[in-house]
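Asker: can't give you the sequence, but here's the structure:
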């Protein structure tokens, strides 16, 4: 967000709300949070997984994509700064899913990860007391940004992701 404030970038796509942002934003999409489990894992017998069922697990974490937001979510739902065993890897999602299939641990991911098949990996939704967990993605920008490419890009976003709130965006 500091790059956005300093005009180093024109738009920031963020997977968590930034309540202190006083300028423009547009809700784009949301995705369910899923857990990738080795096929032999006992939790694969369940249709949905509750946060408390994950307390004793070893989590594989990437340093890319939405991993920081998923880690914040995990910490908040587990109720502590060190909720369980965390193993960080500097690799992308498909490599981590291969490790899940090899029974090295489990992985929090977004439902988009379920579109591909990985040998030995089963996905299950993660629920809390209100139902399926979701991460929402927003675009943030500065109203005063005069980059001529920004307005057409924002128009394209609004066309693809119409703002259904009562507050019109500029």
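Answerer: On my side now, so go ahead. Remember, predicted model here, so these are calculated numbers, not experimental data.
Asker: all contacts plus neighbour counts: C-alpha atoms, from now on.
Answerer: Will do.
Asker: gap between residue 37 and residue 31?
Answerer: Remark: distance between residue 37 and residue 31 (CA to CA, to the nearest Å) = 18 Å.
Asker: other SSEs contacting the lengthiest strand in the chain?
Answerer: The longest strand of the chain (DSSP state E) is strand 24-38. Judged by 3 or more CA pairs under 8 Å, 6 or more residues apart in numbering; DSSP states H and E, strand 24-38 is in contact with helix 93-101, strand 107-110, strand 121-128, strand 134-141.
Asker: and of the ones you listed, who's closest to residue 9?
Answerer: The closest of the helices and strands packed on strand 24-38 to residue 9 is strand 134-141. By CA to CA, the value is 8.8 Å.
Asker: hang on, residue 127 packs against residue 50?
Answerer: Yes: in this structure, residue 127 is within contact of residue 50 by CA atoms under 8 Å, at 5.2 Å.
Asker: picking up where we left off before, now the longest strand of the chain, how far from the centre of its chain.
Answerer: The chain centroid and the centroid of strand 24-38 are separated by 5 Å, computed with CA atoms, centre = their mean, to the nearest Å.
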